[in-house]
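**Q** Sharing a model that was predicted from the sequence below.
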Amino acid sequence: MLTQDSLRAIARRFAIEGNITDIKPLGSGLINDTLRVCTDGKDDYVLQRINTGIFKDVALLQHNIESVTAHIRAKLEEQGVSEVERRVLRFLPCPETGRSWWEEDGGCWRMSVLIRDSYTHETVDPAHSRIAGLAFGQFQAQLADLPEQLGETIPDFHNMELRARQLHEAVNADAAGRMAIPEIAALVGEMQEWEQEMCKAERMHREGILPKRICHCDTKVNNILFDADGQVLCVIDLDTVMPSFVFSDFGDFLRTAANTLPEDDPAADKVDFRMDIFEAFASGYLESAGGFLTKVERENLPYAACLFPYMQAVRFLTDYINGDTYYKIKYPEHNLVRTRNQWALFKAALSKVPQMKEIVERA
């Protein structure tokens, strides 16, 4: 546990203005440790310890973030947008190194300017889903002409072919002896029936008909900052910004937002896919991103809505077969419960693909 004195010493490695008056926890993020650095100057700051267990290449991580934020800032300034500093994150350099991160005692830190009078929302309803669609679609649109080459901060993060291979490997190894359970064998069989269809994004990319874009890859409502009037300021939490298919931002949002239950609720028979959330998010997304999407990307948005519950079901089942070595569990059947939930969501989404197609065509 770092003391106030040690935290202040780390904070002063960055080009902050004013004297530090307090450092206290900020937010409830699950990946990085996040602190608010209060000063007697005009700005407060956000100090984060980067989780290098997940983000192993900090130089690449920060290169991505710096490239993205600089590109968005330049576009906003060119458009004459007011209060640009409130509409894009700004990370500070360390005067000693010129880099936007500082390494100390095995930890890796970075600092950004706190956007004052900004708020996040946890609410997932049609109104907020439409706003999220607009915000993440605009984020992709702003970066569609990014000249910088970005790398993958988490390699193969949303690669369905990799997740399918991992399931095959888990089945063959049967490390926890769970393939003898009839339900597990049946689930594996059902998933493998859909494997080729769900892996089509990677095939289309190899065929040259599906491009990779700069995507956020963690599209949740609470990764958007709002002002006091409920207007979007900017998209935050940029660690997973990297090249991916647009399906990542579209499908990942719907996997959680359109589920009628949390992903580990055991009542799988009550899981359904909310079409009001799909329609709201899709309408916002297509309004802001529609200008750069190709015909293939647009036509496959319903596929994206099915892909992500399928992918997560595969990942949960793989971990269960392996003996629960990746995801934290609260009880022995936790990963199996999650699998059932996500598999039910996948089937519910599949049943609504015709409706989804009509909505996309109308938009």
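**A** Noted; the coordinates are in hand.
**Q** can you give me the strands for the stretch 201-350 of the chain?
**A** 213-215, 224-226, 232-235, 242-244 (DSSP state E, counting those that start in this stretch).
**Q** how about these in CSV, adding distance to Ser100, mean pLDDT and mean neighbour count?
**A** Every C-beta, even on glycine, is put in place using the N, C-alpha and C of the backbone. Putting the strands of the stretch 201-350 of the chain into CSV (distance: least, C-beta to C-beta, whole Å; pLDDT from 0 to 100; neighbours: other C-beta atoms under 10 Å) gives the following:
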stretch, distance to Ser100, mean pLDDT, mean neighbour count
strand 213-215, 19, 97, 23
strand 224-226, 20, 95, 21
strand 232-235, 18, 96, 20
strand 242-244, 17, 97, 20
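**Q** Any idea which of those strands gets closest to Ile65?
**A** strand 242-244 (10.4 Å; C-beta to C-beta).
**Q** Touching that closest one from outside, list them.
**A** With C-beta atoms under 8 Å, 6 or more residues apart in numbering as the test, strand 242-244 has contacts from 64, 150-154, 157-158, 212-215, 217.
**Q** Pick out the residue nearest the middle of the chain.
**A** Central residue of the chain (C-alpha atoms, centre = their mean): Asp218, 0.8 Å from the mean position.
**Q** What are the boundaries of the helices in the stretch 151-300 of the chain?
**A** With DSSP state H, counting those that start in this stretch as the criterion, the stretch 151-300 of the chain has helices at 160-173, 182-193, 195-198, 200-206, 247-257, 275-289, 295-299.
**Q** Mean neighbour count, those: which tops it?
**A** Stretch with highest mean neighbour count among these: helix 247-257 (a mean of 25; mean count of other C-beta atoms under 10 Å).
**Q** that older thread, what separation do you get for the residue nearest to the centre of the chain and Asp272?
**A** Asp218 sits 24 Å away from Asp272, going by C-beta to C-beta, to the nearest Å.
**Q** same question, Ala305
**A** 13 Å.
**Q** how about Ala135, what does it touch?
**A** Ile224, Val232, Val235, Gly284, Ser288.
**Q** Phi, psi for Arg36 please.
**A** phi -100, psi 120 (degrees, to the nearest 10).
**Q** Look up the closest residue to it, ignoring the ones flanking it.
**A** Closest residue in space to Arg36, ignoring its immediate chain neighbours: Leu26 at 4.1 Å, by C-beta to C-beta, 6 or more residues apart in numbering.
**Q** Report the contact partners of Leu114.
**A** Contacts for Leu114 (C-beta under 8 Å, 6+ apart) come out as Arg36, Asp43, Asp44, Tyr45, Val46.
**Q** at 10 Å what do you get?
**A** Contact partners of Leu114, counting by C-beta atoms under 10 Å, 6 or more residues apart in numbering, are Leu26, Arg36, Val37, Cys38, Thr39, Asp43, Asp44, Tyr45, Val46, Leu47, Leu89.
**Q** The nearest residue to Glu297 once chain neighbours are set aside - how many residues pack around it?
**A** Among residues not flanking Glu297 along the chain, Val246 sits closest, at 5.2 Å (C-beta to C-beta, 6+ apart). Here the number of neighbours of Val246 (other C-beta atoms under 10 Å) works out to 27.
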